[in-house]
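K.L.:
have a look; sequence and predicted model below, questions after that.
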Amino acid sequence: MLKRAETTSSEPPRNFWIDCLVFVLLVALGVMGRHWLIELPNFTPMAAIGVFAGFYFRRLTVALLVPLAAMAIANVWLPIYGSLLIAAVCYAAFFLPVLLPRLLRRAPRLAQAAAYGLLPAVAFYATSNFAEWAAGSMYQRNVAGLIECFTLAIPFFRNNIAGDIFYLALVFGTYAIVQAASVRHARRAYAVVRS
């Protein structure tokens, strides 16, 4: 079972440089992931890096900076948003994944996994498409235009869910492997010291 890296008064503080490395790796994954698989729009690691940042970093401000930095850096090479409102909504939508591990800390593991895999995609689909309809120029501002906007976005929504699940498995799976290797290394070192 994955354990959050937390410090109690009896433990030494977690290594600052490891935290910096995790931050940089998450941002790099977010930036590169927004440019990979162009033929699968919205199949990105953005929600996964947000969820993991919320899980891993003790300070909420540091965790929130992960998706913000990844979006800002990736957007240097990507086309700009249709309006400031659309950009603000897209950026803000990636703060929910960061908050989920804190909000669902006491929920059953299965509920956490389902929420991590589905809620970010649902929130992004709802908020970004509503913003596109309200502030963009592609759709009429009436009920028919709103329905058209949400209907045409369904393939992107499917890719979003698939990307979230894939990258969540990748990020948390990597963390579990590293954590298990670290425990094995610590046990070996302890055995050497005791002998």
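P.N.:
Yep, it's here. Since the model is a prediction, treat every value here as computed from it, not as a measurement.

K.L.:
what helices and strands are in contact with the helix or strand of the chain with the lowest mean pLDDT?
P.N.:
None of the helices or strands of the chain scores lower by mean pLDDT, DSSP states H and E than helix 154-194, at a mean of 88. Secondary-structure packing of helix 154-194 (3 or more Cβ pairs under 8 Å, 6 or more residues apart in numbering; DSSP states H and E): helix 16-35, helix 46-56, helix 109-135. Where you see a C-beta, it was placed from the backbone N, CA and C, and this is true even at glycine.

K.L.:
residue ranges with poor pLDDT in the chain?
P.N.:
1-13, 195 (pLDDT under 70).

K.L.:
chain center to the least confident helix or strand of the chain, what's the gap?
P.N.:
14 Å (Cα atoms, centre = their mean, to the nearest Å).

K.L.:
tell me the angle that helix makes with helix 46-56.
P.N.:
30 degrees (axes from the mean of the first three to the mean of the last three Cα atoms, to 10 degrees).

K.L.:
rewinding a little: redo the helices and strands packed on helix 154-194 as CSV? Include distance to Leu170 and mean neighbour count.
P.N.:
Shown next, in CSV, are the helices and strands packed on helix 154-194 (distance: least, Cβ to Cβ, whole Å; neighbours: other Cβ atoms under 10 Å):
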stretch, distance to Leu170, mean neighbour count
helix 16-35, 9, 16
helix 46-56, 7, 27
helix 109-135, 13, 18
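
K.L.:
with respect to Pro67, which of those lies nearest?
P.N.:
Taking Cβ to Cβ, helix 46-56 is the member of those nearest to Pro67, at 4.4 Å.

K.L.:
relative to helix 109-135, how tilted is that closest one?
P.N.:
Going by the same axes, to 10 degrees, helix 46-56 makes 130 degrees with helix 109-135.

K.L.:
what does helix 46-56 rub up against?
P.N.:
By Cβ atoms under 8 Å, 6 or more residues apart in numbering, the residues outside helix 46-56 that reach it are 4-5, 22-23, 26-27, 29-30, 33-34, 60, 62-64, 66-67, 70-71, 94-102, 116, 120-121, 124, 160, 163-164, 167-168, 170-172, 175.

K.L.:
contact partners for the residue nearest to Gly50 when sequence neighbours are not counted?
P.N.:
In space, and not counting its chain neighbours, Gly50 is closest to Pro97: 3.2 Å by Cβ to Cβ, 6 or more residues apart in numbering. For Pro97, the contact set (Cβ under 8 Å, 6+ apart) comprises 46-48, 50-51, 54, 67, 116, 119-120.

K.L.:
nice, that's everything, thank you.
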